[in-house]
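Q: 3D, please:
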Amino acid sequence: MNFADALEDIKKYGQLAHKKDQTTLKDVAIEEFKLADETMDLVAIDGSHSFILDLAGMKLAVIRVCALEYTFVVGTKIGFKLKKSYIVEHPIVVSSHEEFVECQSELYKNIFEHARRSKLNTYSYIANELRRFEEYKLLNQVSGNTSGEILAIDGALTIPPPFLSKFSDMMEDTIKKCEDHENILLGVSKDSETHTFGSPSTDEELLFKVKKQGHLYVKVNLEGTYTRYGDVYFAKLHPMAMKWFRIDIETKENPDRVFPILAHYARSELCPGYIYPLLEAHRLAVMVRRLHDIYEKRIIALAPKYGISLGDILRGRTDIEGSKMRMFHEFLDRVSK
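A: So this is what the prediction gives:
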């Protein structure tokens, strides 16, 4: 294997891509802004899930969805104060057995059919989309219980095809509640692989090459098969931010007002440029993965009541992604060290 030749190709074609990026950037309308004098409280929403057990193709997982309400504190030291937290956590069963699917909700059936048609990993896809639905349910709840706040959910404000009928009604209700309660609704994507500007680089990679300093944003026009809510932007919310984030803002909101307020929450030295409450919401949500052993112990305690033996549970244990934990495979790993 000749790494020198491979690296030479990367250098050569990378330079060509860089030249094209610089030409593309000349036509990108970058807007600058400054921090606002006003601040607003912000609710950050995120979720996660963890698989626990797999018995005969019936996979048991736990979903956890969190909403954290923060206020921005300006004083001798900039900080964020947690006001309130909401946590929703419950188990789900995921399976592709025909008899099981027939007894599930229309939402489950739609997600399952989409996964099968698209040849996706059925179990992971269903669990992930059910988790996303729980996030939007919590968002809908919070939108009616808060006033004059920013509601920031992890991910884009989009609805994939299997959600269309079920999701659209809930989203329309959420948007109406936000309007009635004067809340600002937005979605923040940690990563984006879009190529809106027609460059070989992703939009994130391209914008990283922008030489302007300070707080910046640019509006983009995306096309796709998903139903989208709001306008789409990429924003650099801190002068020292290591990346631009895709932020979807409810259409009726003015970005020249939203970004100067939102940027206050991107001032943490821990993650400059990212919404700090979303970081904390993510931390709390992924605790569902660290509690894997506790869930297992609970299942072991309850299983005998339902005719499930300890041996079945040990053979059916999975990792957090849903793959069975093979005891013999682990034995080989140990003796091979």
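
Q: okay, residue 264: pLDDT?
A: Per-residue confidence at residue 264 stands at 94 (pLDDT).

Q: can I assume it sits in a helix?
A: Yes. Assessed with DSSP: H, G, I helix; E, B strand; the rest coil, residue 264 lies in a helix.

Q: okay, now it: neighbour count?
A: Using other C-beta atoms under 10 Å, the number of residues around residue 264 comes to 22. Backbone N, C-alpha and C define where each C-beta goes, glycine included.

Q: quick one: residues contacting residue 70.
A: By C-beta atoms under 8 Å, 6 or more residues apart in numbering, residue 70 lies in contact with 41-44, 80-83, 265, 276-277, 280.

Q: ok, for it, nearest residue in space, not its chain neighbours?
A: Using C-beta to C-beta, 6 or more residues apart in numbering and skipping residues adjacent in sequence, the residue nearest residue 70 is residue 277, 4.4 Å away.

Q: which of the three states applies to the one you found?
A: Assignment for residue 277 (three-state DSSP): helix.

Q: so it touches residue 46, yeah?
A: No. Using C-beta atoms under 8 Å, residue 277 makes no contact with residue 46, being 9.5 Å away.

Q: now the buried members of the contacts of residue 70.
A: Burial by neighbour count, judged by 16 or more other C-beta atoms under 10 Å, picks out 41-44, 80, 265, 276-277, 280 from the contacts of residue 70.

Q: which secondary structure elements does the strand or helix carrying residue 111 contact?
A: Secondary structure from DSSP states H and E places residue 111 in helix 106-117. If contacts are counted by 3 or more C-beta pairs under 8 Å, 6 or more residues apart in numbering; DSSP states H and E, helix 106-117 sits against helix 98-102, helix 122-145, helix 164-180.

Q: tell me the most buried of the ones you listed?
A: Mean neighbour count (mean count of other C-beta atoms under 10 Å) peaks for helix 122-145 among the helices and strands packed on helix 106-117, with a mean of 20.

Q: next, the angle from it to helix 106-117.
A: 140 degrees (axes from the mean of the first three to the mean of the last three C-alpha atoms, to 10 degrees).

Q: elements contacting helix 122-145?
A: Contacts defined by 3+ C-beta pairs under 8 Å, 6+ apart place helix 122-145 against strand 42-55, strand 58-73, strand 79-94, helix 106-117, strand 150-154, helix 164-180.

Q: export those to a markdown table and tack on distance to residue 32?
A: Formatted as a markdown table, these follow (distance: least, C-beta to C-beta, whole Å):
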| stretch | distance to residue 32 |
| --- | --- |
| strand 42-55 | 22 |
| strand 58-73 | 22 |
| strand 79-94 | 25 |
| helix 106-117 | 41 |
| strand 150-154 | 21 |
| helix 164-180 | 27 |
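
Q: mind putting these into TSV with distance to residue 285 and mean pLDDT?
A: Formatted as TSV, the helices and strands packed on helix 122-145 follow (distance: least, C-beta to C-beta, whole Å; pLDDT from 0 to 100):
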stretch	distance to residue 285	mean pLDDT
strand 42-55	4	93
strand 58-73	5	93
strand 79-94	9	92
helix 106-117	20	87
strand 150-154	8	97
helix 164-180	19	86
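
Q: closest to residue 246 out of these?
A: strand 150-154 (11.5 Å; C-beta to C-beta).

Q: sheet-wise, list the partners of that closest one with their directions.
A: Taking DSSP bridges as the criterion, strand 150-154 forms sheet pairs with strand 42-55 (parallel), strand 184-189 (parallel).

Q: and residue 131, what is it in contact with?
A: 47-49, 63, 65.

Q: cutoff 6 Å now
A: 47, 49, 63 (C-beta atoms under 6 Å, 6 or more residues apart in numbering).

Q: from residue 66, how far out is the nearest residue to residue 166 once chain neighbours are set aside?
A: Spatial nearest neighbour of residue 166, chain neighbours left out: residue 107 (5.0 Å); criterion: C-beta to C-beta, 6+ apart. Separation of residue 107 from residue 66 (C-beta to C-beta, to the nearest Å): 21 Å.

Q: neighbour-wise, which of these two wins?
A: Using other C-beta under 10 Å as the criterion, residue 107 and residue 66 rank with residue 66 on top: 26 against 16.

Q: the more buried one touches residue 282, doesn't it?
A: No. Counting by C-beta atoms under 6 Å, residue 66 stays clear of residue 282, with 8.4 Å between them.

Q: now residue 284: how far from residue 16?
A: 44 Å.

Q: looking at the two, which one has more neighbours?
A: Each of residue 284 and residue 16 has its neighbours counted (other C-beta under 10 Å); residue 284 has more, 20 against 10.
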